[in-house]
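>>> please work out how this folds:
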Amino acid sequence: EGDGERAAEHAAAPLAPPVAPVPADGDAAQGAQRDALQLALKLVLLVFMLGQDGDVDRLLLLCTIALAIFVAQTQNLAQLITSFR
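Sure, this is the predicted structure:
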């Protein structure tokens, strides 16, 4: 009965999430560029889908929103604000 209790406790123990290997600096930069490219492609697709039957004003609004999302998600907002000052 002792083995059965230990097996039940071991089976009920939560599994730890897998630990990702720490990339080298070059790998991290490439990963960030890849993530930014994926985000840009997703936003282009979204603007294309939502702006198909729209006029120029709607397309301009969608592009502005997509650009704001891209800048905020890639954490370049602070750099952009300081460059305009």
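
>>> need the contact list for Gly51.
58-59, 62 (CB atoms under 8 Å, 6 or more residues apart in numbering). All C-beta atoms are positioned from the backbone trio N, CA, C, and that covers glycine.

>>> among those residues, which are in helices?
Residues of the contacts of Gly51 located in helices (DSSP state H): 58-59, 62.

>>> mind putting those residues into JSON lines with distance to Thr82?
JSON lines is the format used below for those (distance: CB to CB, whole Å):
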{"residue": "Arg58", "distance to Thr82": "31"}
{"residue": "Leu59", "distance to Thr82": "29"}
{"residue": "Leu62", "distance to Thr82": "27"}
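
>>> what helix or strand does Gln30 sit in?
Element membership for Gln30, per DSSP states H and E: helix 25-50.

>>> follow-up on the earlier one: nearest to Val44, of the ones in helices among the contacts of Gly51?
Leu62 (10.4 Å; CB to CB).

>>> among the ones in helices among the contacts of Gly51, which ones are buried?
Taking 16 or more other CB atoms under 10 Å as the criterion, what is buried in these is Leu62.

>>> quick one: least confident helix or strand in the chain?
Using mean pLDDT, DSSP states H and E, the weakest-scoring helix or strand in the chain turns out to be helix 2-12, at a mean of 55.

>>> for Ala36, see how far away the closest residue to Arg58 other than its chain neighbours is.
Distance criterion CB to CB, 6 or more residues apart in numbering; nearest residue to Arg58, sequence neighbours excluded, is Gly51 at 5.9 Å. Distance of Gly51 to Ala36, given as CB to CB, to the nearest Å: 22 Å.

>>> fine by me, thanks again.
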